[in-house]
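K.L.:
only geometry, no sequence info:
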C-alpha cells in the first residue's frame, strides 16, 4: 500500500510541474491514462452476497491502480463517443486484528485485465470535460481469511474468474482527472480450506461490489 501511495504522489508531482500538461487540450483526444484508486468496499466484498460479516472483519478501504487507453470516433468540437480500454486494473483490500484472543488477517484482491466499454465525453469549457462510461471487467478475484490458532494457522480462501461491471463518470481539467465509479458483480469461485478440521468448502460467488474514486492523469 505504501508503494501505491508513493506512485500516486509521483503522478501528482509530475502533473503539477509539467507545463505541457497544463497547456495542451486533451478533452477529446485519444490518449493514455493512469489513475490511483481509492475505494469503499461493500459489507460482503470478497464474500458471498448473503454472508453475515461482523464489524471486526469488514474491510475499510481498498487501494489500487488503473492503466488504460481511449479512442474517440470522429468527435465534434463539443462531444465525442469512443472506446475505453483499461489494460490493467488491480486493487487490494486488507484487514487485520484480534477477536476473542485470536489474531486474524483478511484480504481480497481484484485483478482485472482488458477491461473495455463505451465512453462519452462532453466539453463544458476550454480544457474541461465530463466523461461517462461503462466497462465490462474480466476479473480474477481472490479472498482469504487466516486465523492464528494454538494448533497452527487456519485459512479459508476463495478464488475464481468471471465478469464484473463498472459504471462511472469523471471530470477532467487538461490532463487531470477525478472520477467516481461503482463496480458490481459476483465471481464464481472455488473454496479451499487449510487447517486441522476435516472441512471441504463449497464453491461460492464472491462479490466485487465497491464504490471507487479515481484520481490521475490522461495524457
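P.N.:
That came through, no problem. None of the values given here were measured: they were computed from a predicted structure. Numbering: from 1, shown residues only.
K.L.:
thinking residue 89 is in contact with residue 140, fair?
P.N.:
No. Contact criterion Cβ atoms under 8 Å: residue 89 and residue 140 do not qualify, at 11.0 Å. In this view, the C-beta of every residue, glycine as well, is placed from N, C-alpha and C.
K.L.:
which parts of this structure are helices?
P.N.:
Ranges of helices in the chain, per DSSP state H, are 2-17, 19-23.
K.L.:
compare these and say which comes out lowest on pLDDT.
P.N.:
Among the helices of the chain, helix 19-23 has the lowest mean pLDDT, at a mean of 46.
K.L.:
mutual contacts of residue 89 and residue 140, please.
P.N.:
110, 111, 112 (Cβ atoms under 8 Å, 6 or more residues apart in numbering).
K.L.:
in a markdown table, list those residues along with distance to residue 83.
P.N.:
Formatted as a markdown table, the shared contacts of residue 89 and residue 140 follow (distance: Cβ to Cβ, whole Å):
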| residue | distance to residue 83 |
| --- | --- |
| 110 | 22 |
| 111 | 22 |
| 112 | 16 |
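K.L.:
can you redo the residues you listed as a markdown table with distance to residue 159, pLDDT and neighbour count?
P.N.:
Converted to a markdown table, the shared contacts of residue 89 and residue 140 look like this (distance: Cβ to Cβ, whole Å; pLDDT from 0 to 100; neighbours: other Cβ atoms under 10 Å):
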| residue | distance to residue 159 | pLDDT | neighbour count |
| --- | --- | --- | --- |
| 110 | 12 | 97 | 28 |
| 111 | 10 | 97 | 16 |
| 112 | 14 | 97 | 25 |
